[in-house]
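A.B. asks: coords please:
(chains A and B)
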Amino acid sequence: MKQIQNTGLALFLVGLTLFTSLIFFGKYEVSLELLEEIVNNKGIKSELFINDIKANVVGKEFTNPFSFSSKITSAIETANETHKQNSEWDKVIWDKPHSFTYQIAKKAGSGFIKENKWLYWWLTFGLGILGALMYIIPNVVIKGPPGIKNNGIWLNASTNRGWIGWFAFMFLVGFYLLLYFRPDYIVNWTYIVDPISESLSGNLASQWFLYGFLYCTVMSVMAVRMYIKYRHNKYQILRTTSVLFFQIVFAFLIPEILVRFEKPWYDFKNAFPLDYDFFFSWNIDQLIASGGFGLFILVWGIVLTLVIVPVMVYFFGKRWYCSWVCGCGGLAETLGDPYRQLSDKSLKAWKFERWIVHGVLVFALVMTGFTLYSYFTGSEAVLVIKTQTIQDIYGFLIGSIFAGVIGTGFYPIFGNRVWCRFGCPLAAYLGIIQRFKSRFRITTNGGQCISCGNCSTYCEQGIDVRAYAQKGENIVRASCVGCGICSAVCPRGVLKLENGPEKGRINPTDILLGNDVDLMDLLNQK
Amino acid sequence: MAHIVIIGNGISGVTAARHIRKNSENRITVISAETKHFFSRTALMYIYMGHMKYEHTKPYEDWFWKKNKIELKQGFVNSIETNSKTLHFAEGDTLQYDKLIIATGSKPNKFGWPGQDLECVQGLYSKQDLDSLEVYAPNNKACKHAVIVGGGLIGIELAEMLHSRHIPVTFLVRESSFWNGVLPKEESEMINKEIISNGIDLRLYSNLKEIISDENGKAKSIIIQETGEEIPCDIIGLTAGVSPNIDFIKDSDIETNRGVKVNRFLETNISDIYAIGDCAEQHETIGYRRPIEAVWYTGRMMGETVAQTICGNRRAYNPGHWFNSAKFFDIEYQTYGWVWAQTKDNEARFYWEHESGKKCIHINYDKNTREFIGINTFGIRMRHEFFDKVLTKKQSVEYVLEHLADANFDPEFYKLHEKEIVEKFNTENDTNIQLKKRNWKRIFQPN
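C.D. replies: Numbers count the residues shown, from 1 in each chain, chains lettered A, B, ... in the order given. This is a model prediction of the structure:
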């Protein structure tokens, strides 16, 4: 069994190494025809840029994406600088330089990877999946009979912020930086998922398709790990199945298939304000332009946020979304599960959390207010602040850095719910409802708590669950995503997630059940 | 403003300190020779198993004590001079008190076995015990075999701990079946099976004869009384129960027996001195409870009670209905009310076991009045509040079975067995109890 695991680990690392190293290979060559095609498609009017590319890029062969990218991006920047100085606004290339380069590179690339897409798929994704499963599945035997087996978590360098954790951190952060800010470097990765993308939407894969596919793959593999680890716990099994279903079907398959039928790409479960660009003018225009179906999406998006989400939170708590449906939650509960114990439980962290998560919510609402104001009045700015600027700042700081780079990249250091706890505006909104108007609570079972601290340690949201349980008090907290792990790891059966009458849901007590009845009455009446 | 000094920073002492602070402005000092801050002793096992780190076992953050003006003093009290109300420390200094609470907890029992004080022989009670276990049994290379002596709650925890690091364990249990002084035969046998299925070498009817030393004063093996078998080992865990940790009091004029003798108000024979938690011994037993109760929550309740008395609201310690819980490897155990190992004359029993052999319930009731007396539940979680109400209202066994769905506390979507349980009861007792659907109104109704 151990040998199977070691072989699996080796295969996984080979796949991962190969995948990573693909960045450094490939051939990129721009022909005159390709240049013309791009110039026409993009409507580029900058002769400075065209000449620069003709002189420095066309007909030359580049053997890695970095030098290719640097030539093109510098051509864009130099041209733009001159045009801006001369106020030749129609000649400025407004595309982000690296996204623009990506589009060229996708077409200009050639060589063995592009010619053997399936082979490389098998050598990277294939080996990675196979290796990971060979590592995960033997745990059925190795870790012993079903039950909580958290043995050695704090003794292992991958899960206790040891060197493996830091390595994983750097890898993940690097991945997100490339994905968001240097898509032109990862063209090779997109080649290997081209065949899958074509079979779904009919288009070649973008970096976002790659990300979506990778996301589903990682979640599926790590869901197998969840199924094994919590095979005694039906709540965990069903919850894992649910997030996996919503990710694969709603976030991945349906949007891609919509594109095939020339409908707008839309994830039906992604609610505003997590879906922060839902009200951006380009999205509204696109939806309106695609007729009845687009209008349906527009109405659905609004109803989802204003009616469905709060009503469901009232009945079931925010868990119905955050740990049963949401894609961010889905990754956190699968890939992130091994890191849940790393969240900060201090009071300080809680205070910080409340400021920042509600701050992001306010930011999102203000930004959307600007957006709608601009949309309906046609003015580009509110007072002196340009709507475009505030949208860009939000997209960069919250959409990319916070949700991606920090939110997932920091899993191995700060735990798996960094984004959900500190950054997600939707979670903040759901949290306010959960705290003040919901039937959900985690019931504390009378006086059974022994203050061991397993619940707090394994709370991914950094809630000091024990602080409530040892007082015999129910846990009603805005940030609780109802993952159910506190209840699972409790050795004394103290915690139960449940929905019940609102009355008595919050029950602060001075002393616990089991002590003198008169004393309880006396103190609890005070 | 009086100076309240508490010896011991376990759950009893710390609960007392917290509640005194809630109700008064008295100066409070908590003394410990074990650790600077309060930690949860029950979680020691999880540190060794790698589920948690020591920091995680501290229920309050380190700033808590200063913020609540609870002074912490690290030191070992050598003696108490009751006339001058002075504590003398091993470190040489002294401390004056106005009121003193003794909450020094327990120490592992040693029954005079030859070799019991050798190196590598230890109990599992304190942070120091954990540290020494880390030294002698860090892994299965340094520690090739372990022997545990004494089949109780700490013994089985220690077995699980060592097992988590793949150290082979021989578990000596004096009785004919694990913990059968407390558990009825059926449950006890279920746990025997659980122990064996985890690869522990369980030896029933086995007493420790002696521990053999090597040439360096380190234990190298043990001999079993009954068979004379010698078992080589690198660590020996003595887990044959605990007794009050009160040696330093024996020379004072505070009355002691096995523990510090207290009345129902937790007062000792000397005024302004109280004793709570594991180290306190009641003059007369309360209900069916033992005079010394080494249980987490009773320590907490005594702390809650004595704080009232010290703050001018003199109250007797008056615990409610008995309950407890534990976990045996993967099997969780809860008990509410009383289910003795042996059935009493007026009692009848109902036992149901799941086909997996890992879940069961055992109900004890009065065969004449049908009054519910208690329940043991293994592998199924039950609601404390439900059974507390049942016991207070002296409900019948039929009532309990009828409302078993209300009692269930398992996580959502778990497979429920109530129907099967009620059917079995009906068949055995020729009754026609109809299981009621779970009703949130009933569940959350305050009495």
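
A.B. asks: How many residues are close by whatever residue of the stretch 101-250 of chain A ends up closest to chain B?
C.D. replies: Of the stretch 101-250 of chain A, the residue with the smallest distance to chain B, taken as C-beta to the nearest C-beta, is A:G147 at 3.3 Å. Placement of C-beta: from N, CA and C, glycine included. Neighbour count for A:G147, taken as other C-beta atoms under 10 Å in any protein chain shown: 18.

A.B. asks: CA atoms only for the least confident helix or strand in chain B by mean pLDDT - export them in PDB, please.
C.D. replies: Lowest by mean pLDDT, DSSP states H and E among the helices and strands of chain B is helix B:440-444, with a mean of 86. Taking only C-alpha atoms (Å, rounded to 0.1, in the frame of the first residue of the first chain), the coordinates of helix B:440-444 have been written out as PDB:
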ATOM      1  CA  TRP B 440     -38.700  20.900  16.600                       C
ATOM      2  CA  LYS B 441     -41.300  22.500  18.900                       C
ATOM      3  CA  ARG B 442     -40.900  19.800  21.400                       C
ATOM      4  CA  ILE B 443     -37.200  19.700  21.100                       C
ATOM      5  CA  PHE B 444     -36.700  23.400  21.700                       C
END
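
A.B. asks: In that helix, which residues are buried?
C.D. replies: Of the residues in helix B:440-444, B:I443, B:F444 count as buried by neighbour count, 16 or more other C-beta atoms under 10 Å in any protein chain shown.

A.B. asks: how close does the residue of chain B found nearest chain A get to A:Y235?
C.D. replies: As assessed by C-beta to the nearest C-beta, chain A sits closest to B:H384 within chain B, at 2.8 Å. Distance from B:H384 to A:Y235, counting by C-beta to C-beta, to the nearest Å: 21 Å.

A.B. asks: again with A:V30
C.D. replies: Between A:V30 and A:Y235 the computed distance is 55 Å (C-beta to C-beta).

A.B. asks: what about stretch A:371-387, start to end distance?
C.D. replies: Its first and final residues considered, stretch A:371-387 spans 6 Å by C-alpha to C-alpha, to the nearest Å.

A.B. asks: Identify the residues contacting the residue of the stretch 101-250 of chain A closest to chain B.
C.D. replies: A:H232, B:F329, B:D330 (C-beta atoms under 8 Å, 6 or more residues apart in numbering or on different chains).

A.B. asks: and what of B:T35?
C.D. replies: Residues near B:T35 by C-beta under 8 Å, 6+ apart: B:N9, B:K127.

A.B. asks: returning to that earlier point: okay if I get the contacts of A:G147 as a markdown table plus distance to A:I406 and secondary structure?
C.D. replies: As requested, the contacts of A:G147 are exported to a markdown table (distance: C-beta to C-beta, whole Å; DSSP: H, G, I helix; E, B strand; the rest coil):
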| residue | distance to A:I406 | secondary structure |
| --- | --- | --- |
| A:H232 | 34 | coil |
| B:F329 | 40 | coil |
| B:D330 | 37 | coil |
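
A.B. asks: possible to save those as CSV with neighbour count?
C.D. replies: As requested, those are exported to CSV (neighbours: other C-beta atoms under 10 Å in any protein chain shown):
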residue, neighbour count
A:H232, 16
B:F329, 20
B:D330, 18
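
A.B. asks: Can I get the residues you listed in JSON lines including distance to A:T368?
C.D. replies: Listed next are those as JSON lines, based on distance: C-beta to C-beta, whole Å:
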{"residue": "A:H232", "distance to A:T368": "44"}
{"residue": "B:F329", "distance to A:T368": "53"}
{"residue": "B:D330", "distance to A:T368": "50"}
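
A.B. asks: ok, and what's touching stretch A:11-23?
C.D. replies: Under the contact criterion C-beta under 8 Å, 6+ apart, stretch A:11-23 has outside partners A:65, A:113, A:120, A:123-132, A:134-135, A:178, A:185-186, A:188-189, A:192.

A.B. asks: chain center to it, what's the gap?
C.D. replies: Relative to its chain's centre, stretch A:11-23 lies at 22 Å (C-alpha atoms, centre = their mean, to the nearest Å).

A.B. asks: Would you mark the buried spots in it?
C.D. replies: Buried residues in stretch A:11-23, defined by neighbour count with 16+ other C-beta under 10 Å: A:L11, A:F12, A:G15, A:L16, A:F19, A:L22, A:I23.

A.B. asks: Closest to chain B out of those?
C.D. replies: Chain B lies nearest to A:F12 out of the buried residues of stretch A:11-23, by C-beta to the nearest C-beta, at 23.1 Å.

A.B. asks: Could you check how far that closest one is from A:A332?
C.D. replies: Counting by C-beta to C-beta, the gap from A:F12 to A:A332 is 21 Å.

A.B. asks: Find me the pLDDT at the closest residue in space to B:E160 that isn't next to it in sequence, would you?
C.D. replies: Counting by C-beta to C-beta, 6 or more residues apart in numbering or on different chains, B:E160 lies nearest to B:F329, which is 5.6 Å off, once chain neighbours are set aside. Taken from the predicted model, the pLDDT recorded for B:F329 is 97.

A.B. asks: next structured bit after the helix or strand encompassing B:F350?
C.D. replies: For B:F350, the host element (DSSP states H and E) is strand B:347-353. Heading C-terminal from strand B:347-353, the first helix or strand you meet, by DSSP H and E, is strand B:360-366.

A.B. asks: How far away from the center of its chain is that next one?
C.D. replies: For strand B:360-366, the separation from the chain centroid amounts to 22 Å (computed by C-alpha atoms, centre = their mean).

A.B. asks: still on that earlier bit, from the contacts of stretch A:11-23, list the ones also adjacent to chain B.
C.D. replies: Contacts with chain B are made by none of the contacts of stretch A:11-23, judged by C-beta under 8 Å from any C-beta of the partner chain.

A.B. asks: That'll do, ta.
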